[in-house]
Every structure is written in structure tokens, then in C-alpha cells.
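1. Need a 3D model of the sequence below.
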Amino acid sequence: MGYSIQDSIKPILKEAFEGPGAEDGSWFTNTQLDSGIFGTLKAMSADEASISIYGSTIASHADHIRYYLWVINTMIRGNEPDRNWESSWEITRVDETRWHQIQKDLYQEYMILNEKIDSPDLEDKVINILGAIAHSSYHLGALRQMIKTINVE
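-> As a prediction, the model looks like this:
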């Protein structure tokens, strides 16, 4: 029996952001349950997320992922977003309040994208969703390497 496109995309998107499920195994992340973007960020304090590593911070990567998802979600809705990629990298230092807000906003954009997978006209959106998965997975790898650099794992 074949899988629908929704059944194929959802676990990959979920793994990138939430990590693999206990019974699902892993397609590309560590097999630890919190090895997706949300679990990786949750383990970080605002001070740790503000450490500059090769010119960027974990906070700026997190907000850039959020911004990218916002752009994709805007395009999926049929609108043309005002793209300013440079502004998505402006965050350098965050306090705990701002750090939690970035994570909350990222989660919100993720949930919006996740809901779009169930839309009847999914085929028109697949390229955007696959791009979001690839882009977010790239940044997940960068985040995991940054964490190794600051030894907070």
C-alpha cells in the first residue's frame, strides 16, 4: 500500500522540528527524542543562545528559521512577502523573555505550516514545504554544531 504525500511529508517535518517519535525511529536526526529544533532550543538559556559563534548566534539561527517559515507560509497563502533576509539575522543578544518569544513564534509558524500539509491543494504547495524542511534541517545541523562549540549538550 502506498503512502499519500501528506503521510510522507508530515513525519519528516515533525522530525526536523520535534525530533523522532519513540516508536518512529529516525530518518535523519539523532535518535534521541528531543533532537529536533524545538528540543535543541529548549535546552538553551538566553545567555547560551546569545554566544557569538563564527559571527552568528543560536538565537539568530532560531529567529531566521522562524522568518523563513513565515515567508513560506505567506507564499502558501498566495501572498508575496516582503523578503528581507538580512533582517532575519539581526538578533545577537536575547534575554530570557525574548528567547522564549522567539521559540514561541517559531512554534506558531511551524504549526501553521504543518496544518497546510492537510490542505486539499497540497500539490501546489509541495515545493515550498519541502524547501522549508530542507532549510530547517540545514539550520538544525548548524545549531547542533554550535552547541558542541559552546559545550552545553
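2. which stretches of this protein form strands?
-> Counting by DSSP state E, the chain has no strands to list.
3. residue contacts, the spatially most central residue of the chain?
-> Per C-alpha atoms, centre = their mean, the C-alpha nearest to the average position across the chain is that of residue 136, at 4.6 Å. Contact analysis of residue 136 by C-beta atoms under 8 Å, 6 or more residues apart in numbering lists 16, 17, 37, 65, 68, 69. Quick note: C-beta positions are derived from backbone N, CA and C, even for glycine.
4. Return the member of these nearest to residue 103.
-> Nearest to residue 103 among these is residue 37, at 9.3 Å by C-beta to C-beta.
5. Count the residues that sit near that closest one.
-> The tally of other residues near residue 37 (other C-beta atoms under 10 Å) stands at 27.
6. next one: the one 10 residues further on
-> Counted with other C-beta under 10 Å, the burial measure for residue 47 works out to 13 neighbours.
7. do you know how far it is from residue 116?
-> 35 Å (C-beta to C-beta, to the nearest Å).
8. low-scoring pLDDT stretches of the chain, where are they?
-> 1-2, 21-33, 152-153 (pLDDT under 70).
9. longest helix in it, by residue count?
-> Across the chain, the longest stretch assigned as helix under DSSP state H is helix 126-150.
10. Buried ones in that one, by neighbour count?
-> Buried positions in helix 126-150, judged by neighbour count with 16 or more other C-beta atoms under 10 Å: 128-129, 132-133, 135-137, 139-140, 142-143, 146-147.
11. possible to save those as JSON lines with distance to residue 86?
-> What follows is the buried residues of helix 126-150, written out as JSON lines (distance: C-beta to C-beta, whole Å):
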{"residue": "128", "distance to residue 86": "21"}
{"residue": "129", "distance to residue 86": "25"}
{"residue": "132", "distance to residue 86": "20"}
{"residue": "133", "distance to residue 86": "24"}
{"residue": "135", "distance to residue 86": "16"}
{"residue": "136", "distance to residue 86": "19"}
{"residue": "137", "distance to residue 86": "22"}
{"residue": "139", "distance to residue 86": "16"}
{"residue": "140", "distance to residue 86": "22"}
{"residue": "142", "distance to residue 86": "18"}
{"residue": "143", "distance to residue 86": "20"}
{"residue": "146", "distance to residue 86": "20"}
{"residue": "147", "distance to residue 86": "25"}
